[in-house]
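A.B. asks: coords below, sequence missing:
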């Protein structure tokens with residue numbers, strides 16, 4: 001949905017946000033000079049996308065710094081290359097303000113809209129499953145879908161996604177909630 005796609009831009013951040021980003025990249029790459037590592041080169045996908053990149057759904061909140069600095073530029077670049085892109089961004093004045101990873105806060109109407117749109121537009125669920133039913137709960141959603149004549153249950157809770165046969169759904173739900 002959203003993320004860091006251009007490390008060059010992020011490397012220029014100042015203040016606490018810049019410090020946090022540089023510290024995280026040092027931890028990820030194992031080098032204080034993370035910007036010169038092969039790992040950093042690979043993480044900056046904006047430089048590597050080509051016309052054969054898969055269709056993309058990209059979304060960002062109006063109160064998320066990454067939306068204007070990362071998500072919109074990636075969507076623009078993909079469109080320049082002719083890659084099908086579905087964008088879901090909100091105007092600055094939208095209320096409530098939507099911060100980073102708002103998409104996982106399923107109690108928000110806007111998060112549920114993004115989930116449904118992503119399933120409709122580019123989801124593996126829609127491409128490979130038929131007869132989908134989505135149920136929303138305060139902190140989770142459950143998709144019941146048919147795949148190769150078998151029922152599957154897709155459970156998402158706190159950004160953990162589990163796909164199981166319908167016969168295993170009860171134990172999967174329990175394991176997802178017990179993992180907290």
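C.D. replies: That came in fine, so what should we check first? None of these values were measured; they are calculated from a predicted model.
A.B. asks: what about the spatially closest residue to residue 70 that is not a sequence neighbour, neighbour count?
C.D. replies: Leaving aside its sequence neighbours, residue 70 sits nearest to residue 5 (C-beta to C-beta, 6 or more residues apart in numbering; 5.0 Å). Yep, even glycine has a C-beta here, placed from its N, CA and C like the rest. If you count neighbours by other C-beta atoms under 10 Å, residue 5 ends up with 23.
A.B. asks: The one 3 residues further on now?
C.D. replies: Other residues within reach of residue 8 by the criterion other C-beta under 10 Å amount to 11.
A.B. asks: Could you pull up phi and psi at it?
C.D. replies: Dihedral pair for residue 8: phi -60, psi -50, per degrees, to the nearest 10.
A.B. asks: who's in contact with it?
C.D. replies: residue 44 (C-beta atoms under 8 Å, 6 or more residues apart in numbering).
A.B. asks: Local confidence estimate at residue 48?
C.D. replies: For residue 48, the pLDDT comes out at 87.
A.B. asks: Nearest residue to it in space, please, no chain neighbours.
C.D. replies: In space, residue 48 is closest to residue 42, 7.8 Å off (C-beta to C-beta, 6+ apart).
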